[in-house]
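Got a predicted model here, sequence first, then my questions.
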Amino acid sequence: MASEEGVLKGLCFFHSETGTEGGYWAFQDSRHISPKGDWSYEGLHVLRDGDRLTIFSLAKPDEIVWSGVIKLLEHPLFTEDAFGLWVHADQVGVDRDVWARWFYAEYPAELIPAIRA
């Protein structure tokens, strides 16, 4: 549920499915996760430049492990991986393995999506 205007609460995750030819760093809005744990595409936000993301610790949910504006360095298909999974981009200024661990483990997060033209 949004705590402030425009702030979405949810989880970081690595979005990959048939046809993505690898995966994207993404956010799942908790309002679109059913009580059974099923996720809806309505809550899917593939991260884009300009989004504001705050990632919280799994062990200490009030502790911020990273917060900032998304700035992605994109890669050609099938050239870069994180722990054996193809990735399409890296967050500038963050070690890929550290970033990937947060997303693969689905750390809690808040997202303010950038305004799209």
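Nice, thanks for sending it over. All values derive from a computational prediction rather than experimental measurement. Numbering: from 1, shown residues only.

hey, let's count contacts and neighbours off CA atoms from now on
Noted.

what's the longest strand in the protein?
Using DSSP state E, we find that the single longest strand of the chain is strand 8-15.

export it as PDB, just CAs?
Extracted C-alpha coordinates of strand 8-15, given in PDB (Å, rounded to 0.1, in the frame of the first residue of the first chain):
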ATOM      1  CA  LEU A   8       4.700   2.300  -3.700                       C
ATOM      2  CA  LYS A   9       5.600  -0.400  -1.200                       C
ATOM      3  CA  GLY A  10       6.600  -3.800  -2.500                       C
ATOM      4  CA  LEU A  11       9.600  -6.000  -3.400                       C
ATOM      5  CA  CYS A  12      12.600  -5.900  -5.600                       C
ATOM      6  CA  PHE A  13      12.800  -8.900  -8.000                       C
ATOM      7  CA  PHE A  14      14.500 -10.100 -11.200                       C
ATOM      8  CA  HIS A  15      11.800 -10.200 -13.900                       C
END
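
Helices of the protein, residue ranges please.
Assigned by DSSP state H, the helices in the chain fall at 96-104.

in it, what spans have low per-residue confidence?
Scanning the chain for pLDDT under 70 picks out the ranges 1-5, 117.

Strands of that one, residue ranges please.
Counting by DSSP E, the strands of the chain are 8-15, 24-29, 44-46, 52-56, 64-69, 72-74, 81-82, 85-86, 89-91, 108-112.

Give the closest residue to the spatially most central residue of the chain in space, chain neighbours not counted.
Nearest to the mean C-alpha position of the chain, by Cα atoms, centre = their mean, lies A26 at 3.2 Å. Counting by Cα to Cα, 6 or more residues apart in numbering, V46 is the residue found nearest to A26 once chain neighbours are left out, at 4.2 Å.

next one: R52
Nearest residue to R52 in three dimensions, chain neighbours excluded: V69, at 4.5 Å (Cα to Cα, 6+ apart).

now for the strands of the chain, which one comes closest to D38?
Closest to D38 of the strands of the chain is strand 24-29 (Cα to Cα; 11.0 Å).

Can I get the closest one as CSV, trimmed to CA atoms?
Output in CSV follows, covering the C-alpha atoms of strand 24-29 (Å, rounded to 0.1, in the frame of the first residue of the first chain):
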residue,chain,number,x,y,z
TYR,A,24,15.3,-7.0,-15.9
TRP,A,25,15.6,-5.4,-12.5
ALA,A,26,12.0,-4.8,-11.4
PHE,A,27,9.7,-3.9,-8.5
GLN,A,28,6.4,-5.6,-7.6
ASP,A,29,3.8,-3.4,-5.9
